[in-house]
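Q: I would like to see how this sequence folds:
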Amino acid sequence: MSTAFLGRKLASGVQRITSSALGRYQSAVIRIGFSATYLLFLLRELPHRHEMYGPDAPWRWDMAKQLISGNESLSVLMWSDSTAWFEIVYAVVLLSAALLMVGWHTRAMSVLFMVGVLSLQNRSIFLGDGGDNVVHLMAIYLVLTRCGQVWSLDARRAARAHRTESGAVGESKSEQEPGAGGARPASNVAGTILWLVLGLVLVVATATDGLGGTWWLPTLFWVLWIGHGVWWAVNRYAPRSEPRTLLDVLANLAHNATLVVIMAEVCLIYATAGWYKIQGSRWQDGTALYYPLRLDSFTPWPALSDLLASNGVMVMVLTYGTVIVQVAFPFTLFNRRVKNVLLVAMMCEHAGIALLLGLPFFSMAMIAADSVFLPTVFLVWLGGRVTVGRQLLFSRTARVPEQQRGGEEEVAQHSGSSGHTLVG
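A: Predicted coordinates for the structure are as follows:
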């Protein structure tokens, strides 16, 4: 009896991790969070881009090329030292971050986003901090996830194609990726052109040895490019065949395994940070928070920092609370209520870091990483609230001209209308 029970549980678990992509909403939040973080960072540094990553950087192009050739990393900025090429790369990274955030051709944009992040960070490697390291890692992980299944333009396009094919509105499959569920994908000229252009760039980069010295990164690019072409061909000509099912299983396995890696990465970050803090004397006596609050470089609001630093009890509580939360969090993952409480505490901690220490992008990156542990019920509720707010906004916009004409019945009709929503 026990053997049969274990066999059924094992079969159920294998079925679950192969038949669907788990954590669809969490992966979508990670996609939106990290792409938005890097987009805002690049926009803020737009006036200083030449001094940070471009031709006017103190870490000169020839110095960066020598370092990159030694550590075998990737940076497409090393393909040319011209200002025009730098401007093109910077613009492409900006565009890819924006398109990844809204979920337009998510798989291709995630690859471009990863290449852009690696290129800029490896160009001036000494400019980074802890937040840049997290963005660096998550940009690689996002490539292997199916992060565009919800809250994306891809999901919206798939929902529209599904409604067109089935004639049913609001079915549960409306949030699947293009071609998911065995449906034949609609014609996508932009996707085809994008695939051909990226394939041409990949051929040239491989022939000129412009993808770094490691073997795994060019292999990953080729596997992704060929796999996407095979995926499109199977979806187009054999949408209900066994190869289509096999491709879906492989994609789900890659997504679910990567999601586990992301969760482990977040736990590792907090565990190491917390245990290193325990070994510090300033964290042991409860005064560690006082010192960054007195540094001019980390006090965007001097009056607020002075007010907090002058309260010894608050400094001690926040210092000890930070250590306790970071050390305890990995051990609370199997207790949902305690985990959610500590998750809120960590997000509030990072919000405080952004406000008091002037590190908004580090805080945004860490909050986006923490989102992998957010409950699905909460994310669905949050998406619903955003949808309601969007509908109210558009209904009020439509109501104004109707009220001016005195058409009260038409106003009611417009305010009750519905359109495409963020959650399908």
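
Q: burial count for the closest residue in space to P243 that isn't next to it in sequence?
A: Leaving aside its chain neighbours, P243 sits nearest to V234 (5.2 Å; criterion: Cβ to Cβ, 6 or more residues apart in numbering). Using the backbone N, CA and C atoms, a C-beta is placed for each residue, glycine as well. Close neighbours of V234, defined as other Cβ atoms under 10 Å, add up to 19.

Q: buried ones in stretch 262-274?
A: Neighbour counts over stretch 262-274 (16 or more other Cβ atoms under 10 Å) mark 262-263, 266, 269-271, 274 as buried.

Q: now do stretch 318-327: distance to the chain's middle.
A: Computed by Cα atoms, centre = their mean, to the nearest Å, the chain-centroid distance of stretch 318-327 equals 26 Å.

Q: which residues are contacting it?
A: The contact list for stretch 318-327 (Cβ atoms under 8 Å, 6 or more residues apart in numbering) reads 270-271, 273-275, 277-278, 283, 286-289, 342, 345-346, 349.

Q: mind redoing it with 10 Å?
A: Contacting residues not belonging to stretch 318-327 are listed as 269-278, 280, 282-290, 308, 311, 332, 341-343, 345-346, 348-349, 352-353, 356 [Cβ atoms under 10 Å, 6 or more residues apart in numbering].

Q: just to revisit the earlier point, narrow the buried residues of stretch 262-274 to those in helices?
A: Counting by DSSP state H, those place 262-263, 266, 269-271, 274 in helices.

Q: touching, L379 and Y25? I think so.
A: Yes. Using Cβ atoms under 10 Å, L379 makes contact with Y25 at a distance of 4.0 Å.

Q: can you pull out the low-pLDDT segments for the stretch 1-150 of the chain?
A: Scanning the stretch 1-150 of the chain with the threshold set as pLDDT under 70 gives 1.

Q: what does G210 show for phi and psi?
A: phi -100, psi 20 (degrees, to the nearest 10).

Q: how about the contacts made by it?
A: Here G210 is in contact with 74-76, 78-79, 201-202, 204, 218 (Cβ under 10 Å, 6+ apart).

Q: again with L246
A: Residues counted as contacts of L246 (Cβ under 10 Å, 6+ apart) are V234.

Q: secondary structure element holding it?
A: Assigning secondary structure by DSSP states H and E places L246 in helix 242-278.

Q: just after that helix, pick out the following helix or strand.
A: In the C-terminal direction from helix 242-278 (assignment by DSSP H and E), the next one is helix 281-284.

Q: and the helices in the stretch 51-200 of the chain, which stretches?
A: Secondary structure of the stretch 51-200 of the chain (DSSP state H, counting those that start in this stretch): helices located at 61-71, 83-102, 106-123, 130-143, 153-166, 189-207.

Q: of the ones you listed, which is nearest G213?
A: Among the helices of the stretch 51-200 of the chain, the nearest to G213 by Cβ to Cβ is helix 61-71 (7.3 Å).

Q: now do the buried residues in the closest one.
A: Those would be 61, 64, 67-68, for helix 61-71 by 16+ other Cβ under 10 Å.

Q: so what does that helix touch, helix or strand wise?
A: On a contact count with 3 or more Cβ pairs under 10 Å, 6 or more residues apart in numbering; DSSP states H and E, helix 61-71 meets helix 106-123.

Q: quick one, the helix it packs on and helix 83-102 angle?
A: 140 degrees (axes from the mean of the first three to the mean of the last three Cα atoms, to 10 degrees).

Q: got the angle between helix 106-123 and helix 189-207?
A: 40 degrees.

Q: run the chain-centre distance for helix 106-123.
A: Centre-to-centre, helix 106-123 and its host chain are 12 Å apart (Cα atoms, centre = their mean).

Q: and that helix with helix 242-278, angle?
A: 40 degrees.

Q: packing partners of helix 106-123?
A: Counting contacts by 3+ Cβ pairs under 10 Å, 6+ apart, helix 106-123 is packed against helix 24-44, helix 49-52, helix 61-71, helix 83-102, helix 130-143, helix 153-166, helix 189-207, helix 216-237.

Q: pick the most deeply packed of those helices.
A: Most buried of the helices and strands packed on helix 106-123 by mean neighbour count (mean count of other Cβ atoms under 10 Å) is helix 24-44; its value is a mean of 22.

Q: you'd agree P55 is up against W61?
A: Yes. Using Cβ under 10 Å, P55 is in contact with W61, at 6.9 Å.

Q: anything in contact with each of those two?
A: Each of 81-82, 86 lies in contact with both P55 and W61 under the rule Cβ under 10 Å, 6+ apart.

Q: any chance of these in a markdown table, plus distance to V102?
A: Formatted as a markdown table, the shared contacts of P55 and W61 follow (distance: Cβ to Cβ, whole Å):
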| residue | distance to V102 |
| --- | --- |
| D81 | 33 |
| S82 | 31 |
| F86 | 25 |
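
Q: got a list of what V341 touches?
A: So V341 contacts 325, 332, 335 (Cβ under 10 Å, 6+ apart).

Q: which of those residues sits closest to R44?
A: V325 (28.9 Å).

Q: any idea how far Q26 is from that closest one?
A: Distance, V325 to Q26, by Cβ to Cβ, to the nearest Å: 20 Å.

Q: how about R49?
A: Taking Cβ to Cβ as the measure, R49 falls 32 Å from Q26.

Q: out of the shared contacts of P55 and W61, which comes closest to Q15?
A: Nearest to Q15 among these is F86, at 49.5 Å by Cβ to Cβ.

Q: re the thing from before, okay if I get the helices of the stretch 51-200 of the chain as TSV plus distance to W225?
A: As requested, these are exported to TSV (distance: least, Cβ to Cβ, whole Å):
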stretch	distance to W225
helix 61-71	23
helix 83-102	16
helix 106-123	9
helix 130-143	12
helix 153-166	18
helix 189-207	6
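
Q: between the ones you listed, which one is nearest to V14?
A: helix 130-143 (23.0 Å).

Q: please work out the angle formed by the directions of the closest one and helix 242-278.
A: 160 degrees.

Q: helix 130-143 to helix 216-237, inter-axis angle?
A: 40 degrees.

Q: show me how far helix 130-143 is from its chain's centre.
A: Worked out by Cα atoms, centre = their mean, helix 130-143 lies 9 Å from the chain centre.

Q: tell me the angle of it relative to helix 24-44?
A: Using the same axes, to 10 degrees: helix 130-143 against helix 24-44 is 130 degrees.
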